[in-house]
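[1] Turn this into a model:
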Amino acid sequence: MRIVAVIIGLAFIGMAGEGLAQREAVKNPHIGYVYPAGGARGGSVEVQVGGENIYGTSAVLVSGNGVSFKVIKSADPYEGKEAKQKKQKKKNEAAIDEAITLKATISSNAAPGDVEFCLVTPDGLSNKLIFQVGQLKELAEVEPNNKAKTALAIPALPAVLNGQIMPGDVDSFSFNAKKGQQMVVEVATRALVPYIADGVPGWFQAIVTLQKSNGVEVGVADNFQFSQDPVLFCEIPADGSYVLTIRDTLYRGREDFVYRMKVGALPYITSIFPLGAQCGAGPVHVSLMGKNLPGESLDSVMPPPHPAPVMLAVTNGGGLISNRVPFMTEDLPELMDGEARPAGPPLKVVLPVVINGRLLTPDERRVYCFDGKKGQAVVMDVHARRLGSPLDSGLVLSNEKGEKLAENDDAKDRGEGRLTHQSDSSLMVTLPEDGLYLVTLKDMQGRGGVEYAYRLRISPPRPDFELRVTPAAVSIPKGGSVVLTAYVVRRDGFSGEIKLGLEAPADGLVLDGSVIPANTDKLCMTLTATRPRPATMVPHLIGTAVIEGKPVVRRGVPAENLMQAFLYQHLVPFGEETVMVTGTNAPFRVIPKFPLKPYWELLRGKEVSFRVEAIRQPGFEGPIRLQLIDPPKGITFRNANIPPDKDSAMVVVRTESKVVSNLVGNLIISGTMPVEMEATPAERAKAEAKAARDREVKAAVLGTNTPPQSVSTNPVIADQKILVPEVPKPLMIKRQLISLIPAVPYQIIEPPQQAPAHAKTNSIPNRK
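    Below you'll find the model as predicted:
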């Protein structure tokens, strides 16, 4: 991660984390789209980024090498006499009503694929979004192009087409093709903007249609297998001109309905077999299915020595890289069952084992059997949909008599944030007696084919965990804190405690409240910047747990918690955690005086008081209101205010009697101070534009098209007829400054029997 523009004027406005109780106090920078969402290697492209609270962007942070951004314009564009009309035409006032302009420069040796970027704004870092580096010539739509006769001509194929779909919009492109060409049209929409929070179904659902110039349809696609991003395959039936159209299936649209569409005789992998291999097993033969591929197999896929995700792709004779498909690796023995086999007895396996199989025909079932012991725990877990297979698996466990003991259709995997239809099956069963057990796998839709591949693990439980950490980008003022949220994806019944920490490079960062209790799947904690100088870092958060007597370390995956269709939340993974420490001191800090213990003990049904001290920068003498961020039900604050010009106060925490004893977690406390501060240039421009619009409205109400002229109060020197220039007054903006207290681990305990009923405080040593 690197800074690609000069960071200037980054003021501390407030640090807000996910789910803050005082979210209204801070309007977090958010980017909803970038258009165009990519560019070709060796060139540059001007892009528009739409979002909320992004005016005043001064820099862009980019992952990897080969792509840089320069800020061209980041002020409010609604200035001038046509501002009112332009504003009225802009229908969406959601999270994408601001737009800035950047210039992306892409190196000729940049790796094709996705890069991540976020904006540096006066209010901190925005969320992350994807920008794609392409190999092909790029073309942007030009309106009007909604009909065949106005279709935008593609000079040569292959190419990448960029566009935005507005309400009711249809984009059309024309090209010439030869008979027999294996045309591939690959559309990226959800790959660019995974979820839309304020729309149903929660994404841009594209449909593409290919027609002859006479209007005869030769191909149509609105998905690819289970993916919402369509891929159209078509063998060109005759030489001639063809028209390609794209639209939303419901004729919706707005600025964030962005697409990138690859068109041509492109290499594309539709499926592979097997879907994975054993670690360290040596070269593996992988069969390929698809279009325009250089061969039917990869003969030397080398699994890594330890389990790790692998992405496979091929390159055709022209140097074009295909799409990438996942390839799973595990350290268990593997068995191949991908060929057709006659009906007969179940295939017997010895545990543990991973079976690589395929359902080759509709309504086919594959049955496996194993010897089990009474009280033995066995896990049956399918990886198919998570590896790109269209299989909608179903599992049934039965005994030797054919009596059904357990079954499962869909098992949700929280770690798969981009997968909306989770169709992989999983079972964990304790066997009731010694004997032979049968595992039956089928497709719940009764479908089959060479692409319906799976990996079925049958083994004793292998307790493990994964971590997702949100948000993927945070900025912290020197001495300040920010909330991070860790989500635990527990595997095979693991329920133990997990200790979190930071790997290098993390100099000057401190993680507080970093122990995830047993049986807990979510924890809010804080990251504090103690570094004296500004810096941008990519720290690695790791979790350590003891599983079956051995330490197990897993790296946290950065993610953004995205909303789909007003309701559903998804943890969408990103490659890097980006932390920017600004050079600005926090205007105030609040320091609590807590006990020097692993946990702060809160008495169930009682009140506990503690002292807080405020350290203020000069000029910040306002009142400070303290709040709990997402507290457990039944834990509240009282007297949680530090008066103006005071540096300390006593705060009371009440724990209601209904709160469960031995509950552990983190208390995260924020301090909020109302202030008036001078507006930034972007805020001043926005305020002036609003004032101009208000004058126009007032003039219209008074019945005149001429806005009332402002009366100057500048003195005039009569004899010289010289107007003294007016000095503009500073525009003051009301703000809510927020400072977070590092997370405080707590534990709910029962009050001592001998404690008097009126006791509401206990003696708490100072926490330094």
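
[2] SS state for the spatially most central residue of the chain?
    In the chain, the C-alpha nearest the mean C-alpha coordinate belongs to E560, at 3.0 Å (Cα atoms, centre = their mean). In three-state terms, and counting by DSSP: H, G, I helix; E, B strand; the rest coil, E560 is strand.

[3] Confirm that A691 sits in a strand.
    No - if the criterion is three-state DSSP, then A691 is helix and not within a strand.

[4] burial measure for it, as a count.
    11 (other Cβ atoms under 10 Å). Every residue, glycine included, has its C-beta placed from N, CA and C.

[5] Mind giving me the packing neighbours of the helix or strand A699 falls within?
    Secondary structure assignment for A699, by DSSP states H and E: helix 681-701. In terms of contact count using 3 or more Cβ pairs under 8 Å, 6 or more residues apart in numbering; DSSP states H and E, helix 681-701 is assigned the packing partners helix 83-89.

[6] and after the helix it packs on, which helix or strand comes next?
    Next element after helix 83-89 (DSSP H and E): strand 98-106.

[7] starting at the chain centroid, how far to that next one?
    21 Å (Cα atoms, centre = their mean, to the nearest Å).

[8] Tell me which other helices or strands that strand touches.
    With contacts defined as 3+ Cβ pairs under 8 Å, 6+ apart, the packing partners of strand 98-106 are strand 38-40, strand 44-52, strand 67-73.

[9] between the longest strand anywhere in the chain and helix 681-701, how many degrees?
    Scanning the chain for the strand with the most residues, using DSSP state E, yields strand 732-749. On the basis of axes from the mean of the first three to the mean of the last three Cα atoms, to 10 degrees, strand 732-749 is oriented at 120 degrees to helix 681-701.

[10] Can I get strand 732-749 in CSV? Just the C-alpha atoms.
    Output in CSV follows, covering the C-alpha atoms of strand 732-749 (Å, rounded to 0.1, in the frame of the first residue of the first chain):
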residue,chain,number,x,y,z
MET,A,732,-18.3,28.3,10.8
ILE,A,733,-19.6,24.7,10.8
LYS,A,734,-21.0,22.8,13.8
ARG,A,735,-19.3,19.5,14.3
GLN,A,736,-19.4,16.6,16.7
LEU,A,737,-15.8,15.5,17.5
ILE,A,738,-15.5,12.0,18.7
SER,A,739,-12.7,10.4,20.7
LEU,A,740,-12.7,6.7,21.5
ILE,A,741,-11.4,5.2,24.8
PRO,A,742,-9.4,2.0,24.2
ALA,A,743,-11.5,-1.1,24.7
VAL,A,744,-12.0,-2.3,28.3
PRO,A,745,-12.5,-6.0,28.9
TYR,A,746,-15.3,-6.7,31.4
GLN,A,747,-16.8,-9.6,33.3
ILE,A,748,-20.2,-9.8,35.0
ILE,A,749,-19.9,-11.3,38.5
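
[11] ok, back up a step: export the helices and strands packed on strand 98-106 to CSV and tack on distance to E330?
    Shown next, in CSV, are the helices and strands packed on strand 98-106 (distance: least, Cβ to Cβ, whole Å):
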stretch, distance to E330
strand 38-40, 34
strand 44-52, 40
strand 67-73, 34
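
[12] Of all those strands, which one comes closest to V231?
    strand 38-40 (17.3 Å; Cβ to Cβ).

[13] which helices and strands sit right next to the closest one?
    By 3+ Cβ pairs under 8 Å, 6+ apart, strand 38-40 packs against strand 98-106, strand 129-134, strand 137-140, strand 159-164.
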